[in-house]
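[1] Quick one: sequence plus predicted model below, questions after.
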Amino acid sequence: MSNEFTFTIKSLRLDENYHPANSTRITTNFANLARGESRQANLRNALKMIDNSFNALAHWDNAQGDRYSVELEIVSVDIDVDGGGETFPSIEVLKTYILDNKTGERIEGIVGNNFSSYVRDYDFSVRLLAHNKDKPQFSIPEDFGDLHGKLFQYFVNSEAYKQNFKKPPVICLSVSDNKTYHRTENQHPVLGFEYLPNESSLTEQYFKKMGLQVRYFMPPNSAAPFAFYFFGDLLNDYSNLELISTISTMGTFQRIYRPEIYNANAIAGAVYKPNLKNLDHSITQIVYDREERSRLAIEQGKFAEEHFIKPYQAILEQWSASYA
């Protein structure tokens with residue numbers, strides 16, 4: 001097809017001096033932390049939690065528990081749809097690097113981890129709401145997530161992706177509070193026990209359109225399982241240190257944002273139903289605004305509609321119809 005979209009990839013170090021860019025979705029985990037009076041302490045504390053968690057999981061040849069540090073980069077991907085030089089912020093993910101303080105080696109970790117997308121905000125907070133307005137029963141548009149899924153796969157298969165990243169992305173999300181998870185006998189040394197959900201969710205179906213499979217694992221030292229979305233073979237395509245970099249990073253964010261689940265005082269048993277109203281949990285020393293996050297998702301969805309979906313509608317529909 002004649003219309004080729006181009007991607008521009010930019011990276012920015014996520015450290016205690018990080019300030020969100022104007023094009024960053026402000027509900028993204030790390031951007032939410034980096035605002036307000038406590039921004040520097042928030043970032044410093046979160047990064048320290050990530051290092052501590054990493055060393056606790058990578059405990060071999062690590063008697064003092066300080067062998068490794070994790071470095072994070074925010075990867076922003078902008079898309080140019082019509083070749084005119086105007087770009088739209090399509091997705092933002094995190095890239096991990098592992099610093100071995102014993103050997104001085106800097107090891108590439110996993111790209112993905114966190115997943116942020118304006119078009120996903122549009123799908124869930126604008127399109128889905130409009131589709132169900134004044135309807136007695138909730139339903140999902142037939143082509144829901146098609147465009148977003150194709151754009152994501154197009155990016156992962158692009159030259160821009162291959163030049164910047166050695167392996168496919170892994171995205172790590174929290175479990176859903178309206179499903180029940182059953183622990184299996186399958187245990188991985190780093191990912192921990194595998195859990196199986198009782199049913200599929202809208203998020204799973206949405207990520208499936210992005211080409212991603214999902215498995216649920218509860219790592220050692222975690223209070224609950226995580227959802228790992230991936231291409232290929234999660235257990236064999238990535239090293240233990242790579243997997244630990246994702247678990248420690250996303251486990252820390254979830255302990256901050258979902259303390260009822262991931263900082264619960266009782267850990268998940270053989271049958272687990274997450275509960276966001278669970279009062280038996282500890283709060284981290286990190287300040288964030290949960291109310292703001294839900295409100296802003298709608299604003300961000302409208303931003304995508306106004307600056308991406310509507311202006312490029314004809315091109316996007318034609319491209320989506322012909323993209324295999």
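    Yes, it's here. Predicted model only: the values in this text are computed from it and were never measured.
[2] drop to CA atoms for contacts and neighbour counts, all remaining ones
    Noted.
[3] Please report phi then psi for residue 95.
    phi -120, psi 130 (degrees, to the nearest 10).
[4] Which parts of the stretch 151-300 of the chain are strands?
    Per DSSP state E, counting those that start in this stretch, the stretch 151-300 of the chain carries strands over the ranges 170-174, 181-188, 192-197, 213-218, 226-230, 271-272.
[5] closest one to residue 320 among the ones you listed?
    strand 213-218 (21.4 Å; C-alpha to C-alpha).
[6] Could I get the strands of the stretch 151-300 of the chain in TSV, plus columns for mean neighbour count, distance to residue 60 and mean pLDDT?
    As requested, these are exported to TSV (neighbours: other C-alpha atoms under 10 Å; distance: least, C-alpha to C-alpha, whole Å; pLDDT from 0 to 100):
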stretch	mean neighbour count	distance to residue 60	mean pLDDT
strand 170-174	22	24	95
strand 181-188	15	16	96
strand 192-197	19	16	96
strand 213-218	21	20	97
strand 226-230	22	23	97
strand 271-272	16	30	94
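[7] would you turn those into JSON lines with distance to residue 56?
    Shown next, in JSON lines, are the strands of the stretch 151-300 of the chain (distance: least, C-alpha to C-alpha, whole Å):
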{"stretch": "strand 170-174", "distance to residue 56": "19"}
{"stretch": "strand 181-188", "distance to residue 56": "16"}
{"stretch": "strand 192-197", "distance to residue 56": "14"}
{"stretch": "strand 213-218", "distance to residue 56": "15"}
{"stretch": "strand 226-230", "distance to residue 56": "18"}
{"stretch": "strand 271-272", "distance to residue 56": "24"}
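[8] I'd like to know which of those strands lies nearest to residue 43.
    Closest of these to residue 43 is strand 170-174, at 19.7 Å (criterion: C-alpha to C-alpha).
[9] Keeping just the C-alphas, turn the closest one into CSV.
    Only the C-alpha atoms of strand 170-174 are listed here, as CSV (Å, rounded to 0.1, in the frame of the first residue of the first chain):
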residue,chain,number,x,y,z
VAL,A,170,6.5,-7.3,27.3
ILE,A,171,3.8,-5.3,29.0
CYS,A,172,3.0,-5.9,32.7
LEU,A,173,-0.4,-4.9,34.1
SER,A,174,-2.4,-5.4,37.3
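[10] And the pLDDT at residue 35?
    At residue 35, the model reports a pLDDT of 68.
[11] Look at the nearest residue to residue 140 once chain neighbours are set aside and say how many residues are nearby.
    Excluding the flanking residues, the one nearest residue 140 by C-alpha to C-alpha, 6 or more residues apart in numbering is residue 128, at 6.8 Å. Residues lying near residue 128 (other C-alpha atoms under 10 Å) number 17.
[12] cool, and residue 70?
    Neighbours of residue 70 under the rule other C-alpha under 10 Å: 24.
[13] Check residue 256 too.
    Using other C-alpha under 10 Å, residue 256 has 22 neighbouring residues.
[14] before we move on, what about residue 254?
    Neighbour count for residue 254, taken as other C-alpha under 10 Å: 20.
[15] now residue 16
    Neighbour count for residue 16, taken as other C-alpha under 10 Å: 16.
[16] can you check the one 4 residues further on too?
    Neighbouring residues of residue 20 were enumerated by other C-alpha under 10 Å; the total is 18.
[17] coming back round to it: and the residue nearest to residue 140, which helix or strand is it part of?
    Element membership for residue 128 (DSSP states H and E) is helix 128-132.
[18] In contact with residue 53, which residues?
    By C-alpha atoms under 8 Å, 6 or more residues apart in numbering, the contact set of residue 53 is 248, 252.
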